[in-house]
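Visitor: what shape does this take:
(one chain, ligands or ions: 2)
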Amino acid sequence: MKTTGYAAYSADKPLAPYDFERRELRGNDVAIEILYSGVCHSDLHTARGDWGPYTAPLVPGHEIVGKVIAVGPDVEHYAVGDPVGVGCMVDSCQDCDQCDHGEEQYCRNGMTATYDSKDRITGEPTQGGYSKHIVVREEFVLAMPDGLDLSRAAPLLCAGITTYSPLRTWNVGPGSRVGVIGMGGLGHMAIKLAIALGAHVTVLSRSPSKEKDALELGADAVLISTDKDAMKAARNSLDLIIDTVPVKHDVTPYMPLLDVDGTLAIVGQVGPMEEFMTPPAIMGRRRIAGSLIGGIAETQEMLDFCGRMNILPECEMIKMDEINTAFDRMEKADVRYRFVIDMSSVDAPAA
Ligand code: NAP
Ligand code: ZN
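Guide: Ligands and ions are numbered 1, 2, ... in the order given. Presented below is the predicted three-dimensional model:
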C-alpha cells in the first residue's frame, strides 16, 4: 500500500515529506487510516539523534488514532470503520513470561517499537504515525472507547499510558499523595490521571507561568522547583513522584519531598543523569525507579478509564508541515500541552 508522511532524514535537518509503502496485509493485520498523530518528546529525541544514530528516512509518531480500512482474514476483534489506536509498540515475541502476563514492553526478546525498530518477520524498518496509513498486527491495536473525542485522544497512546502505568504499579488511589515533575505532554496527563484515581496531586514545575493551568487541571498544589523555601516546607509530603523531565538532571532536591518508603519513578530522561546524593534515599528508605510505557492490556484499561471519566489531553492541533516549528517549541517547553497533527493536512498519495 502506498502511503505518505514526514520523515527525519538526519539529526541536523528538519523533517521533510516522504512517500513509502506499507506492507501487504498478513492474516492477522489491521490496516489503519491515521486521522491524528500526537507529537511526543521521544519523537524529537529520536529524530535529532539524542539517542544515537538511526536508519533514515525515519517516520516518527507513536500516538496514533485512526479508523480501520481493511483487515486480514484471521482478524477477530476489528472491522472496517472501527475507531482504533496504536501506541509505542507494534509487536513482541508473544511467547515469553512478560508477554504472557501482558507486559509486552518488557518482552524478553525485545518488543518491536512503532518506529526505529525492525519488523520481526521481514526485518524492514518500522515507520510511525506521521503518515496517512499504518499496518499493525491486531494484538497491538487498541479499541477507542465510544464517545471519546478522537481529535484529542491520540496522546493517550503514549503520554497517557506512560503515566498511568506507574500510577497503577504504585497503587495510587484515594489518599495517595502524588508529585509530578515537569508539566508537559506526559506531566499534564500524570496530573489528570492521578486526580481521576483520587490522589492528592502536587505539580513540580520550573515554570511559574504554568501554575494557573495546573490548578485549573485540578492539581491541589504547585511547587516551583527553584523556590527553596517552598521545597523545604514540602518535605516528606509525597508517596510517589513521577519525573518526566526530558534531559539529564539532578534528582537530589526532589528526594526529600518523599515520605519514608516513597518512590521517585523516572519516566523522562532515557540516558545519563547527574550525580545524586544518597542521604535522602538512605535516611528514609526512599527509592528511585523507572518505568517504560505500559502493556497492551493496561493501555486498553487506561483508554476505557479515560472513556468512562472523559479524560482527554490538552492539545494544540497542527498541520503536518508545522512539525518542525512544533519540535522547536516543544524543546523550549512551549506547548500547552501536546501537539497533535491533524493528518487530513496531508494528501493521500495517488493510488
Ligand atoms: P515535554 O512535553 O517536552 O514535557 C517535558 C516537561 O519537562 C516540560 O514541559 C518542562 O516542564 C520540563 N522540562 C523541560 N526541559 C526541562 C529542563 N531542561 N529541566 C527541567 N525540566 C524540564 O516532553 P514529554 O513528551 O512529556 O516527554 C518527557 C520525556 O519522557 C522525554 O524524555 C521522553 O522521551 C520521555 N518518554 C518516556 C517514556 C517511557 O516509557 N518512559 C514514554 C514517553 C516519553 P516545566 O515547564 O513544568 O518545568
Ligand atoms: Zn512517546
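Visitor: contacts only, for the residue nearest the centre of the chain.
Guide: The structure's the chain has its C-alpha centroid closest to Cys158; by Cα atoms, centre = their mean the separation is 2.3 Å. Counting by Cβ atoms under 8 Å, 6 or more residues apart in numbering, Cys158 touches Gly38, Cys40, Ser42, His62, Glu63, Gly87, Cys88, Ile293. The C-beta positions use only the backbone N, C-alpha and C, and glycine is treated the same way.
Visitor: next: Leu156.
Guide: Contact analysis of Leu156 by Cβ under 8 Å, 6+ apart lists Glu63, Gly85, Met189, Met302, Leu303, Cys306, Leu312, Pro313.
Visitor: ok, now Thr299?
Guide: Gly87, Leu142, Leu157, Ile161, Ile293.
Visitor: and what of Leu215?
Guide: Counting by Cβ under 8 Å, 6+ apart, Leu215 touches Val222.
Visitor: which of the contacts of Leu156 fall in helices?
Guide: In this view, these that belong to helices under DSSP state H are Met189, Met302, Leu303, Cys306.
Visitor: count of neighbours near the first one?
Guide: The tally of other residues near Met189 (other Cβ atoms under 10 Å) stands at 32.
Visitor: any figure for the gap between it and Gly294?
Guide: Distance of Met189 to Gly294, computed by Cβ to Cβ, to the nearest Å: 12 Å.
Visitor: CA atoms only: put stretch 109-122 into CSV for me.
Guide: The C-alpha atoms that make up stretch 109-122 are tabulated as CSV, following Å, rounded to 0.1, in the frame of the first residue of the first chain:
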residue,chain,number,x,y,z
ASN,A,109,13.1,-11.0,23.2
GLY,A,110,12.7,-7.2,22.8
MET,A,111,9.4,-5.6,21.7
THR,A,112,9.1,-4.1,18.3
ALA,A,113,8.8,-0.3,18.6
THR,A,114,6.4,1.6,16.3
TYR,A,115,9.3,3.3,14.6
ASP,A,116,13.1,2.9,14.5
SER,A,117,12.7,-0.8,15.0
LYS,A,118,12.7,-3.9,12.7
ASP,A,119,9.7,-5.9,11.6
ARG,A,120,10.1,-9.3,13.3
ILE,A,121,9.4,-11.2,10.0
THR,A,122,10.9,-9.2,7.2
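Visitor: hey, where'd the helices end up in this structure?
Guide: 41-47, 97-100, 150-153, 159-169, 185-196, 211-217, 228-233, 279-282, 296-309, 323-331.
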